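Colleague: here is a sequence with its predicted model. Questions after.
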Amino acid sequence: PLLINQLAAGEVVTRPAAVVKELLENAIDAGATTIAVHIAQGGMGMIEVVDNGAGIHPDDMVMAITRHATSKVADVANLHGIMTLGFRGEALAATAAVSRLTLTSSHDHSGIGRQLQVAGILDDTPKLLPVVHNRGTTITVRDLYFNVPARRGNLKSIATEFGHIETIVREVALARADITLTLFHDNKKRLSLSASASSNNNRLSLSRLEQAIGTSLMESAIEVAVDLSSLIEHAKEYHRTASSHAGISGWLWPMRDQKRTLPKLIYVNGRLVKEALISNQLRQLAQEAQLAGIGYALYFDLPTEWLNINVHPSKQRIKISPLNNIMAHLSHALRTKLKMVSA
Ligand code: ADP
Ligand code: MG
């Protein structure tokens, strides 16, 4: 199993930032509202993610680091409409196979948790030590690739690897304005984002958006709010759907001439995705309005029946079923706004 886990690690744990991404997704899936990320040496020394989520029951701790053990999907058919971010039960096992991993967790308010340590090989009978720990989970990953020298050699400089980590943390901060996030590198605070009070339904306030992308947008941002409930009515004809809400919210910022590149972020139900059709159409809209370019953070909130996420190991690609209809609504809403800006 070690070898299999190491092979899986080749796909899932491609670099320190990939570990950070998986650990953050797990913390979010556990319902955490506060997450602290501690990094040493660009993640090559240490990656630690501390969350205040639901925690893991002592009986489930070994399972958590076992390959294809996931608490998140009952059956494969469920994958179609999956809501949680993780669902393969691969990340922790793969990470544990190529690092020295410590899992500490408490699932209640006793102030006591359990701790489990793995270094490459999972013991037949791993010891669970009782430790002081608040409700939530701490995962510490040290010496990534200590037993895979070739991978270790592939890593770039500390600054580069940390840069990738910071990007991931910022992307999560943008996805979930309701979560307080801090990021430390070699004990220096690099990012501190408090949960944005004005964010109901994860709606992103402009100030949190500016903090998360690390740039002032200087009043130029346009708020996007598109109601797609009419599509739901239509979809009911061929889907049995319990969903009653669908919409797009977020921000878009036009560029007249600036050279700087602004982020282009598309989130679907809290998941950052790459969807060429959406980004192409947005670029086209910007061109139509004679803008030099646009940046955006758009949040598609869609019924899970419309989504198919399980198409790529990185989970970034997604299939949306009535995408043309959705984009028609979005274009209609944006066209006039963009024309007004460029006028
Ligand atoms: P997946 O997220 O695909 O289920 P992982 O390997 O990432 O697989 O995690 C395995 C399991 O460990 C999860 O299904 C979950 O039950 C548990 N787990 C991992 N991280 C956390 C966390 N931060 N809080 C609570 N449970 C966790
Ligand atoms: Mg996971």
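Modeller: Arrived safely, thanks for sending. Ligands and ions are numbered 1, 2, ... in the order given.
Colleague: from here on, just use CA atoms for contacts and neighbour counts.
Modeller: Fine.
Colleague: for the one residue in the stretch 101-250 of the chain that gets nearest to ligand 2, which non-adjacent residue is closest in space?
Modeller: Closest residue of the stretch 101-250 of the chain to ligand 2, CA to the ion: Ile139 (12.1 Å). Nearest non-adjacent residue to Ile139, counting by CA to CA, 6 or more residues apart in numbering: Leu103, 4.8 Å away.
Colleague: who touches the helix or strand His329 falls within?
Modeller: With elements taken from DSSP states H and E, the one containing His329 is helix 323-342. By CA atoms under 8 Å, 6 or more residues apart in numbering, the list of residues contacting helix 323-342 from outside reads 222, 224, 226, 228, 231, 248, 254, 256, 278, 281-282, 285-286, 289-291.
Colleague: which regions of the stretch 101-250 of the chain sit below the pLDDT cut-off?
Modeller: 122-124, 197-203, 218-219, 234-244 (pLDDT under 70).
Colleague: so which residues on it come close to ligand 1?
Modeller: Listed as neighbours of ligand 1 in the stretch 101-250 of the chain under the rule CA under 6 Å from any ligand atom: Thr137.
Colleague: do a quick rundown of the helices in the stretch 101-250 of the chain.
Modeller: Taking DSSP state H, counting those that start in this stretch as the test, the helices found in the stretch 101-250 of the chain are 149-154, 158-175, 206-213, 229-235.
Colleague: can you dump the C-alpha atoms of the last one in CSV for me?
Modeller: So that's helix 229-235. Output of helix 229-235 as CSV, limited to C-alpha atoms (Å, rounded to 0.1, in the frame of the first residue of the first chain):
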residue,chain,number,x,y,z
SER,A,229,-34.4,31.0,-10.9
SER,A,230,-36.2,31.1,-14.3
LEU,A,231,-33.8,28.4,-15.4
ILE,A,232,-34.8,26.2,-12.5
GLU,A,233,-38.4,26.4,-13.6
HIS,A,234,-37.3,25.3,-17.0
ALA,A,235,-35.0,22.6,-15.6
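Colleague: pick out the residue in the protein sitting closest to ligand 1.
Modeller: Gly89 (3.1 Å; CA to the nearest ligand atom).
Colleague: pretty sure that residue contacts Arg67?
Modeller: Yes: between Gly89 and Arg67 there is a contact under CA atoms under 8 Å: 5.9 Å.
Colleague: need the residues touching each of these two.
Modeller: Joint contacts of Gly89 and Arg67 (CA under 8 Å, 6+ apart) do not exist.
Colleague: tell me the one of the contacts of helix 323-342 nearest Glu25?
Modeller: Nearest to Glu25 among the contacts of helix 323-342 is Ile248, at 22.0 Å by CA to CA.
Colleague: the closest one touches Glu223, doesn't it?
Modeller: No: using CA under 8 Å, Ile248 is not in contact with Glu223, being 10.5 Å away.
Colleague: any idea how many residues pack against the closest residue to Ala221 other than its chain neighbours?
Modeller: Spatially, and ignoring its direct neighbours in sequence, Ala221 is nearest to Trp253 (4.4 Å; CA to CA, 6+ apart). Applying other CA atoms under 10 Å, we find 22 other residues in the vicinity of Trp253.
Colleague: cool, Leu209 as well?
Modeller: Residues near Leu209, counting by other CA under 10 Å: 23.
Colleague: so who does it touch?
Modeller: Leu174.
Colleague: again, only this time at 10 Å
Modeller: 170, 173-175, 177, 193, 196, 215-217, 250-251, 297 (CA atoms under 10 Å, 6 or more residues apart in numbering).
Colleague: ok, Gly43 next?
Modeller: Under the criterion of CA under 10 Å, 6+ apart, the neighbours of Gly43 are 15-17, 19-20, 141-144, 158, 161-162, 164-165, 185-186.
Colleague: now with 8 Å?
Modeller: 16-17, 144, 158, 161-162, 165.
Colleague: buried subset of the residues you listed?
Modeller: 16-17, 144, 161-162, 165 (16 or more other CA atoms under 10 Å).
Colleague: any idea which of those residues is the one closest to Thr34?
Modeller: Using CA to CA, these come closest to Thr34 at Ile165, 17.8 Å.
Colleague: my guess is that closest one contacts Pro16. True?
Modeller: Yes: taking contacts as CA under 8 Å, Ile165 lies within contact range of Pro16: 7.1 Å.
Colleague: now the common contact residues for these two.
Modeller: In contact with both Ile165 and Pro16: 42-43, using CA under 8 Å, 6+ apart.
Colleague: please parse the protein into its domains.
Modeller: Here the domain parsing of the chain from automatic domain parsing is 2-193, 215-342.
Colleague: deepest of these, which one?
Modeller: When these are scored by mean count of other CA atoms under 10 Å, the highest mean neighbour count falls to domain 2-193 (a mean of 19).
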